[in-house]
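*Asks:* Provided below for reference: sequence and predicted model.
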Amino acid sequence: MRLSTDEDRDEARAFATIAAAAAAGITVFDTARAYGRGAAELGHNERLLARALHACGASEAARIVTKGGMARPGGGWVADGRAKAIRADCEASLEALDGLPIDVYLLHAPDPRTPWRTSLRALARLVDEGLVRRIGVSNVNRAQLDEALALAPVAVVEVALSVFDDRAVRGGLLERCVGAGLALVAHSPLGGPRRAPRLGGDAEVALARLLALAPNVVAIPGARRPETATSAARAATLVLDAEEPVRPLAAPARRDGEVVLVMGIPGAGKTRVAESFVANGYLRLNRDEQRGTLRQLAGVLDESLAAGRSHVVLDNTYLTRASRSFVVEATRAHGLRTRCMWLDTPLAQAQVNLVLRLLDRFGALPAVDELRAAARREPGRLGPTSQMRAARELEPPHDDEGFDSVERVAFTRRPGPGSPGVIVAAAALRSAGWERAVAAAPDAPHLLFDWLPDQQPAALEAAAQRLRARVSGSVDVAVCPHGGGPPVCWCRPPLPGLPLAFAHRHGVAPERSVVVGTSAAHRTLASTLGARFVAL
């Protein structure tokens with residue numbers, strides 16, 4: 001990658017590096033259509049690699065691994081898992097590689113905007129139609145891999161794996177690959193450009209230890225100079241000194257007590273559950289209070305159990321199998337039961353919970369800059385994109401992780417106090433029959449809302465006057481002025497910020513209210529609030 005993306009790239013040095021690798025016996029070359037300095041250089045690395053392999057006479061022996069499904073708008077990295085994008089990327093890669101066949105074609109990363117099954121089926125068609133020999137997936141978790149194996153003939157998985165990053169091992173991904181007969185390609189096997197210098201002269205040993213994890217592990221160190229390519233090849237032949245055999249320790253005697261791991265996305269309701277355990281004498285360990293990483297928190301757990309505590313509750317996101325593994329290890333070492341409680345709260349309801357927290361904290365929806373500042377200072381003050389990212393990354397827990405029990409807790413919202421309200425999308429006032437719809441509770445508070453980028457509530461004043469002429473209750477006007485793309489605020493419909501702020505001001509119970517709207521987004525908003533929807 002860095003032969004094309006580095007600011008100080010040098011084509012002559014790149015050719016020499018690839019030639020040195022081939023001369024040292026390396027046959028697998030990992031590239032991608034996206035490796036370049038942005039959208040204008042898509043295919044740069046593939047063209048460079050093809051020219052270099054032809055020039056040094058290594059093209060016949062080379063096995064090409066390349067990737068698609070990644071766009072580079074403005075120099076960024078944005079996954080694009082649409083079927084047409086994957087097909088177009090593959091055809092463009094074949095052209096850039098100038099006759100070199102693609103041995104393995106990888107989907108660069110899951111696209112959160114595209115159903116995973118859609119991307120996988122598009123990937124499978126590349127093999128069916130003979131465009132590539134094999135396919136694989138990159139930057140996935142175990143749950144995503146399991147789904148991929150059910151839908152496509154996946155042969156290769158590429159993920160980060162190094163002495164600095166063992167998530168693929170702790171998360172069960174390596175184990176799954178071994179069991180399914182898949183190659184695991186370890187990218188950033190020296191920890192990436194920032195961490196690799198910490199290895200000093202032990203880089204070859206670090207690579208050799210990585211390869212020794214399992215016979216299906218392939219490491220791609222990303223050499224940028226001929227000497228580092230040659231060094232990487234030596235690592236594959238390095239014979240490590242035999243270590244003293246590790247004698248299995250006797251399982252610790254079982255103790256009375258348990259460690260309860262309460263997990264779920266931000267806003268799932270973990271604090272409330274943890275407090276119920278604390279009321280029964282459990283020690284609570286929460287990263288927001290303790291600070292540090294989840295791994296460090298597991299160290300605090302170990303110390304607490306060693307000091308004699310036998311009932312502990314940990315309420316954190318624990319989105320991945322890898323993050324949960326540290327808790328399981330520490331608990332087992334002290335002979336206690338590990339109980340997992342997964343708060344399976346729908347994203348929409350978790351969004352409501354986060355907005356309600358913000359309203360309790362600030363009294364109103366914070367502005368974008370204020371929200372960002374709060375997210376840096378205070379735990380749990382998240383923007384919507386952070387919460388959505390957590391929902392995408394969640395790996396549901398399974399008893400094969402070492403838990404003694406896994407309990408899925410479905411979400412229920414208790415009805416709160418308050419009076420009815422009427423929540424009206426501005427588009428509804430342009431539809432026939434709106435007068436009757438908004439008069440469902442004429443004395444109740446009414447909210448008129450819309451998404452109008454770069455505009456203010458005054459833009460809806462004429463519509464508000466029409467509404468006021470039909471109802472006797474108060475009429476509030478609220479607008480989301482923020483632009484498109486990933487939401488930076490909680491006020492863009494169908495996010496629930498504007499209606500919940502309205503309900504907070506007027507003592508309105510959302511679940512006793514009516515939403516009058518015209519679109520699927522308005523229907524979604526009503527469902528999120530638990531309100532009745534009137535479609536126009």
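*Replies:* Arrived safely.
*Asks:* drop to CA atoms for contacts and neighbour counts, all remaining ones
*Replies:* Noted.
*Asks:* who's in contact with the top helix by length along the chain?
*Replies:* Taking residue count as the measure and DSSP state H as the definition, the longest helix of the chain comes out as helix 347-362. Applying C-alpha atoms under 8 Å, 6 or more residues apart in numbering, the set of residues contacting helix 347-362 from outside is 265-269, 364-366, 380-382, 384, 387-388, 391, 490, 495-497, 500-501, 504, 528-529.
*Asks:* and what of stretch 293-302?
*Replies:* With contacts defined as C-alpha under 8 Å, 6+ apart, stretch 293-302 is touched by Leu285, Asn286, Arg287, Gln290, Ser323, Phe326, Val327, Ala330, Thr331.
*Asks:* Bridging across strands, which residues link to the first one?
*Replies:* Beta-bridge partners recorded for Leu285 (DSSP bridges): Leu314.
*Asks:* likewise Met263?
*Replies:* Here Met263 sits in beta bridges with Trp342, going by DSSP bridges.
*Asks:* Return the residues in contact with it.
*Replies:* Under the criterion of C-alpha under 8 Å, 6+ apart, the contact list for Met263 reads Lys270, Asp315, Asn316, Thr317, Tyr318, Leu319, Cys340, Met341, Trp342, Leu343.
*Asks:* just to revisit the earlier point, could the contacts of stretch 293-302 be laid out in TSV, adding pLDDT?
*Replies:* As requested, the contacts of stretch 293-302 are exported to TSV (pLDDT from 0 to 100):
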residue	pLDDT
Leu285	97
Asn286	95
Arg287	92
Gln290	87
Ser323	95
Phe326	96
Val327	97
Ala330	95
Thr331	96
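*Asks:* Skipping adjacent residues, who's closest to Met1 in space?
*Replies:* Nearest residue to Met1, sequence neighbours excluded (C-alpha to C-alpha, 6 or more residues apart in numbering): Tyr35, at 5.5 Å.
*Asks:* For the one you found, the count of nearby residues, please.
*Replies:* 23 (other C-alpha atoms under 10 Å).
*Asks:* sorry, back to before: buried ones from the contacts of helix 347-362, can you make that a PyMOL selection?
*Replies:* In PyMOL, the members of these classed as buried (16 or more other C-alpha atoms under 10 Å) are selected with the following command:
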select buried, resi 265+266+267+268+269+364+365+366+380+381+382+384+387+388+391+490+495+496+497+500+501+504+528+529
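*Asks:* What are the buried residues along stretch 415-425?
*Replies:* Under 16+ other C-alpha under 10 Å, the buried positions of stretch 415-425 are Gly418, Ser419, Pro420, Gly421, Val422, Ile423, Val424, Ala425.
*Asks:* Turn the residues you listed into a markdown table, including pLDDT and secondary structure.
*Replies:* Supplementary listing: the buried residues of stretch 415-425 in a markdown table, determined by pLDDT from 0 to 100; DSSP: H, G, I helix; E, B strand; the rest coil:
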| residue | pLDDT | secondary structure |
| --- | --- | --- |
| Gly418 | 93 | coil |
| Ser419 | 95 | strand |
| Pro420 | 96 | coil |
| Gly421 | 96 | coil |
| Val422 | 97 | strand |
| Ile423 | 97 | strand |
| Val424 | 97 | strand |
| Ala425 | 97 | strand |
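*Asks:* burial of Ile18, as a residue count?
*Replies:* For Ile18, the tally of surrounding residues (other C-alpha under 10 Å) stands at 27.
*Asks:* Does it lie in a helix or a strand, and which?
*Replies:* With elements delineated by DSSP states H and E, Ile18 resides in helix 11-23, which encompasses its position.
*Asks:* what does that helix rub up against?
*Replies:* 3, 48-49, 52-53, 56, 58, 223-227, 229-230, 233.
*Asks:* Direction included, what does the helix or strand just after it pair up with?
*Replies:* Elements were assigned by DSSP H and E; along the chain past helix 11-23, the next helix or strand is strand 28-30. Using DSSP bridges, the neighbouring strands of strand 28-30 in the sheet come out as strand 63-68 (parallel).
*Asks:* Just give me how far the partner strand sits from the chain centre.
*Replies:* For strand 63-68, the distance between its averaged C-alpha position and the chain's averaged C-alpha position is 24 Å (C-alpha atoms, centre = their mean, to the nearest Å).
*Asks:* can you map out the strands along the stretch 201-350 of the chain?
*Replies:* According to DSSP state E, counting those that start in this stretch, the stretch 201-350 of the chain carries its strands in the segments 217-220, 258-263, 283-285, 311-315, 337-344.
*Asks:* ok and the last one relative to strand 258-263, angle-wise?
*Replies:* What that stands for is strand 337-344. Relative orientation of strand 337-344 versus strand 258-263 (axes from the mean of the first three to the mean of the last three C-alpha atoms, to 10 degrees): 20 degrees.
*Asks:* ok, back up a step: ok, the buried residues of stretch 415-425 vs Val514, which is closest?
*Replies:* Distance ranking of the buried residues of stretch 415-425 against Val514, using C-alpha to C-alpha, places Val422 first at 4.9 Å.
*Asks:* OK, contacts around the closest one?
*Replies:* The contact partners of Val422, by C-alpha under 8 Å, 6+ apart, come to Val438, Ala440, Ala441, Ala444, Pro445, His446, Leu447, Ser513, Val514, Val515, Val516.
*Asks:* domain parsing for the chain?
*Replies:* Domain assignment for the chain, taken from automatic domain parsing, gives 2-237, 258-410, 422-535.
*Asks:* Can you convert the ones you listed into TSV and add a column each for distance to Pro252?
*Replies:* Output for the domains of the chain, formatted as TSV (distance: least, C-alpha to C-alpha, whole Å):
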stretch	distance to Pro252
domain 2-237	22
domain 258-410	5
domain 422-535	47
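*Asks:* what bits of this structure have low per-residue confidence?
*Replies:* Across the chain, residues meeting the criterion (pLDDT under 70) sit at 243-251.
*Asks:* center of it, which residue is that?
*Replies:* Taking C-alpha atoms, centre = their mean, the centroid of the chain lies closest to Glu393, which sits 3.5 Å from it.
*Asks:* Wait, it touches Tyr318, no?
*Replies:* No: with contact defined as C-alpha atoms under 8 Å, Glu393 does not count as touching Tyr318 (10.1 Å).
*Asks:* ok, for the residue nearest to the centre of the chain, nearest residue in space, not its chain neighbours?
*Replies:* Ranked by C-alpha to C-alpha, 6+ apart and with sequence neighbours excluded, the top spatial neighbour of Glu393 is Leu319, at 6.4 Å.
*Asks:* The one you found contacts Gln387, doesn't it?
*Replies:* No: with contact taken as C-alpha under 8 Å, Leu319 and Gln387 are classed as non-touching, separated by 11.5 Å.
*Asks:* hey, what's in contact with both of the two?
*Replies:* Counting by C-alpha under 8 Å, 6+ apart, the residues touching both Leu319 and Gln387 are Ile265.
*Asks:* which residues of the stretch 401-536 of the chain fall in strands?
*Replies:* If DSSP E, counting those that start in this stretch is used as the criterion, the strands of the stretch 401-536 of the chain fall at 405-410, 422-425, 446-451, 475-480, 514-517, 532-535.
*Asks:* Same question for the stretch 51-200 of the chain.
*Replies:* With DSSP E, counting those that start in this stretch applied, the stretch 51-200 of the chain shows strands at 63-68, 70-71, 78-79, 102-107, 134-138, 154-160, 183-187, listed in chain order.
*Asks:* Now these in JSON lines, please, with extra columns for distance to Pro215 and mean neighbour count.
*Replies:* Supplementary listing: the strands of the stretch 51-200 of the chain in JSON lines, determined by distance: least, C-alpha to C-alpha, whole Å; neighbours: other C-alpha atoms under 10 Å:
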{"stretch": "strand 63-68", "distance to Pro215": "18", "mean neighbour count": "24"}
{"stretch": "strand 70-71", "distance to Pro215": "30", "mean neighbour count": "23"}
{"stretch": "strand 78-79", "distance to Pro215": "30", "mean neighbour count": "18"}
{"stretch": "strand 102-107", "distance to Pro215": "18", "mean neighbour count": "24"}
{"stretch": "strand 134-138", "distance to Pro215": "18", "mean neighbour count": "24"}
{"stretch": "strand 154-160", "distance to Pro215": "13", "mean neighbour count": "22"}
{"stretch": "strand 183-187", "distance to Pro215": "9", "mean neighbour count": "22"}
